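Asks: the sequence and its predicted three-dimensional model are supplied below.
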Amino acid sequence: MVRESTLMWIQYITGLGILVLGALHFASLTLLAPGGYPGALEYTTVISRYTDPLWAAALEAFLALLSYHVFNGFRVLLLELNQGSGWTKAVNVTMALAAIAAFLYGTRTILVFHLGGAI
């Protein structure tokens, strides 16, 4: 079992990663996009981003960071409600399964666009 202090360090690191990738994502949709924000939302622009391996990898990394950060943060909040070992185990398992499910669903979405709807 991983110590809580290690989990919180990972929480802080993922928070910084989300800040960096989130800023890049926001900049790509507004400042760096041809045609600005409206141009970034055009169908062809969105599809071209999802089919680009670099963008797909960046979105996958963003998804991984967000999945861990959100569900670990929610886990910490739920553990504050009750201190029993049964509650702790149930919360840990539930949040891990929810994070994995969210990550896999997001990955599926990225792959569908990246592979041109082949999944």
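Replies: Done, it's in. Numbers count the residues shown, from 1 in each chain.
Asks: low-scoring stretches of this structure, by residue?
Replies: Low-confidence segments of the chain (pLDDT under 70): 1, 117-119.
Asks: which residue is nearest the middle of it?
Replies: Nearest to the geometric centre of the chain sits Leu63, at 2.2 Å (CA atoms, centre = their mean).
Asks: name the helix or strand for it, please.
Replies: helix 53-81 (DSSP states H and E).
Asks: just give me the neighbour total for Ala27.
Replies: For Ala27, the neighbour count with other CB atoms under 10 Å is 11. (C-beta placed from N, C-alpha, C; glycine too.)
Asks: tell me which helix or strand it sits in.
Replies: helix 4-29.
Asks: which secondary structure elements does the next helix or strand after that helix contact?
Replies: Sequence-wise, the next helix or strand downstream of helix 4-29 (DSSP H and E) is helix 36-40. Judged by 3 or more CB pairs under 8 Å, 6 or more residues apart in numbering; DSSP states H and E, the packing partners of helix 36-40 are helix 4-29.
Asks: buried sites along the helix it packs on?
Replies: By neighbour count, with 16 or more other CB atoms under 10 Å as the criterion, the buried positions of helix 4-29 are 14, 17-18, 21, 29.
Asks: got it, and stretch 35-47?
Replies: Buried residues in stretch 35-47 (16+ other CB under 10 Å): 40, 45.
Asks: for the buried residues of helix 4-29, which one is nearest Leu7?
Replies: Thr14 (10.4 Å; CB to CB).
Asks: next one: that closest one from Phe113, what distance?
Replies: 24 Å (CB to CB, to the nearest Å).
Asks: can you list contacts of stretch 74-90?
Replies: 8, 11, 91-92, 95 (CB atoms under 8 Å, 6 or more residues apart in numbering).
Asks: in JSON lines: these, plus distance to Pro53.
Replies: Converted to JSON lines, the contacts of stretch 74-90 look like this (distance: CB to CB, whole Å):
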{"residue": "Met8", "distance to Pro53": "33"}
{"residue": "Gln11", "distance to Pro53": "29"}
{"residue": "Val91", "distance to Pro53": "37"}
{"residue": "Asn92", "distance to Pro53": "34"}
{"residue": "Met95", "distance to Pro53": "31"}
